[in-house]
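Asks: the sequence and its predicted three-dimensional model are supplied below.
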Amino acid sequence: MITLETLEHWLTVPAESERLEFKEAKTQYDTTKLLRYCVALANEHGGHLVLGVTDKSPRRVVGTKAFPSDSSLNAIKAKIVEKLNVRVEVTELAHPDGRVLVFQIPSRPVGHPLAFDGAYLMRAGEDLVPMTPDQLRRIFAEGEPDWFAQAAKENASADDVIALLDTQAFFELCKRPYPTTREAVLEHLNGLHLIENHGGRWTISNLAAILLAKKLDAFSLELARKAPRVIFYEGIDRTRTREDKPGNKGYAVGFDGLVDFIHASAPLNRSIEQVVREEIKMFPEQAIRELVANALVHQDFLATGTSVMIEMFTDRLEISNPGIPPILVERFIDEHQSPNERLADMMRRLHICEEKGSGVDKVVTAAEVYQLPAPDFRVGERRTTAVLFSHQDFATMPKADRIRACYQHCCLMYVSNRRMSNQSLRERFGLPASKGATVSLIIGAAKEANLIKPDEAETSSTRYARYLPFWA
């Protein structure tokens with residue numbers, strides 16, 4: 001039940017989520033816009049559209065005259081049913097500052113995205129945009145069996161299971177002693193639903209194969225194509241390939257070797273030797289580890305003919321995976337949502353991934369410790385890419401890179417229960433106190449880009465100002 005107490009709580013939510021949308025609608029609200037938002041929210045598993053509240057923080061009730069009578073509310077509810085075949089409930093709240101309408105929009109049916117005028121809509125920031133092909137394919141596949149539960153190999157003997165899966169490495173990753181009998185090995189895998197017993201014969205799941213395969217191509221060409229691929233280039237573009245090395249091991253049993261190979265192949269970086277007092281590789285191993293793990297876990301396994309790619313150039317490392325993230329890239333540091341929870345859970349059990357949402361924090365922290373440019377996260381039409389850059393002097397760093405570093409530093413401080421200041425950002429860039437004015441310009445540019453805001457709860461003094469991410 002939606003009450004005034006519910007509304008008061010919503011007013012304090014840091015940012016509009018995938019399931020909550022505010023509109024002022026002081027005098028009226030366009031029916032077509034309402035139908036489009038109903039479609040977008042339903043496609044995102046349902047939510048609430050609130051009329052009569054400002055959509056910018058700090059939110060306040062302004063009241064709405066939209067759909068002013070019971071008959072007009074009943075008419076719009078009937079219109080939604082007619083156009084979308086969805087029943088929406090509407091709650092009218094008499095707030096002291098004005099009338100508020102709350103449209104409670106249910107989730108779309110499983111496996112069936114909603115459309116309006118032929119467009120399957122979703123929200124992207126403050127805009128409504130068509131859903132991507134990857135997202136539509138994922139929705140259409142919801143009624144099908146889970147990809148990880150599907151069989152990679154059926155009618156396998158006990159010997160086949162041991163021959164195909166690296167069970168020795170599996171127990172080492174679990175930090176458990178290897179069982180003394182083959183039956184105990186199989187029973188443990190069966191208890192985790194990695195394999196299933198069918199009358200004395202075994203079915204090996206896709207999850208077991210993608211994690212533990214000694215050779216993915218021993219199962220199928222489809223699984224082999226999901227192995228990560230490492231490519232080294234001679235320069236800063238893709239015109240000259242030095243080495244192209246596709247993987248073949250399961251993600252879990254091959255992970256440490258993959259990370260070691262990437263890190264060892266990176267050029268040496270002497271630019272910051274004075275900072276860390278030793279010669280180090282261009283890209284921190286911790287950052288490589290976290291980004292490779294994220295790419296493996298968050299990829300779209302329904303995408304065919306594509307895989308996780310690790311591409312190393314002379315000035316950067318790009319790690320990409322098929323699929324579009326369910327959250328905005330600006331929220332990678334503080335939010336976590338994986339489309340592959342079974343895989344993520346097993347990777348955590350095998351000590352490859354740690355707490356939810358901590359991976360990107362560690363990547364940004366590593367970039368700050370080694371005074372590298374801020375990592376960049378990019379979303380294309382079909383792939384998500386994380387970029388690690390080699391060391392660059394502050395004087396030659398482009399403005400966009402400085403602003404991105406400022407925003408990420410602000411987020412990192414906030415999730416650590418601290419606040420960004422001019423001093424903390426100077427230290428992030430390795431600059432002396434005399435560069436305070438330069439850092440103030442970066443902070444100002446980040447504010448103009450609506451990425452950060454002053455923490456008014458701390459102080460109103462410009463000199464001692466503290467800053468928050470825009471969503472805090």
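Replies: Happy to help now that I have it. This is a predicted model, so every value here is computed, not measured. Numbers count the residues shown, from 1 in each chain.
Asks: low pLDDT regions in this protein?
Replies: Where the chain drops to pLDDT under 70, the residues are 14-18, 125, 269-279, 354-358, 458-463.
Asks: how close does residue 216 get to residue 385?
Replies: Distance of residue 216 to residue 385, computed by CB to CB, to the nearest Å: 23 Å. (Glycine included, C-beta is placed from N, CA and C.)
Asks: of the two, who's got more company?
Replies: Neighbour comparison, residue 216 and residue 385: the larger count goes to residue 216, with 25 against 18 (by other CB atoms under 10 Å).
Asks: got the contact list for that one?
Replies: Residue 216 is in contact with 209, 210, 223, 224, 226, 227, 247, 248, 249, 250, counting by CB atoms under 8 Å, 6 or more residues apart in numbering.
Asks: my guess is the second one contacts residue 224, does it?
Replies: No: the pair residue 210 and residue 224 fails to qualify as a contact (CB atoms under 8 Å) at a distance of 10.7 Å.
Asks: comparing these two, which shows the higher neighbour count?
Replies: Counted by other CB under 10 Å, residue 210 and residue 224 do not tie: residue 210 has more neighbours, with 24 against 17.
Asks: return the residues in contact with that one.
Replies: Per CB under 8 Å, 6+ apart, neighbours of residue 210: 148, 152, 216, 223, 226, 250, 251, 343.
Asks: now with 10 Å, please.
Replies: By CB atoms under 10 Å, 6 or more residues apart in numbering, residue 210 lies in contact with 147-148, 152, 216, 219, 223, 226-227, 250-252, 296, 301, 340, 343, 346.
Asks: how is this structure partitioned into domains?
Replies: When the chain is parsed with automatic domain parsing, its domains come out as 4-131, 147-218, 229-389, 394-469.
Asks: let's have those domains in CSV, adding distance to residue 140.
Replies: Shown next, in CSV, are those (distance: least, CB to CB, whole Å):
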stretch, distance to residue 140
domain 4-131, 6
domain 147-218, 13
domain 229-389, 9
domain 394-469, 35
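Asks: just flag the most distant two among the contacts of residue 210.
Replies: Spatially, the most separated pair among those is 219 and 340, at 18.3 Å (CB to CB).
Asks: how much space separates residue 280 from residue 391?
Replies: Taking CB to CB, one finds residue 280 at 10 Å from residue 391.
Asks: which residues of the stretch 251-400 of the chain fall in strands?
Replies: For the stretch 251-400 of the chain, the strands defined by DSSP state E, counting those that start in this stretch cover 268-269, 280-281, 309-312, 316-322, 376-379, 383-389.
Asks: out of those, which gets nearest to residue 20?
Replies: Comparing those by CB to CB, strand 376-379 comes nearest, at 22.3 Å.
Asks: got a list of contacts for the closest one?
Replies: 124, 132, 291, 294, 316, 318, 320, 323-325, 328-330, 332-333, 360, 363, 384-389, 400-401, 404, 408.
Asks: redo that, cut-off 6 Å
Replies: Contact with strand 376-379 is made by 329, 332, 385, 386, 387, as judged by CB atoms under 6 Å, 6 or more residues apart in numbering.
Asks: perfect, that will be all.
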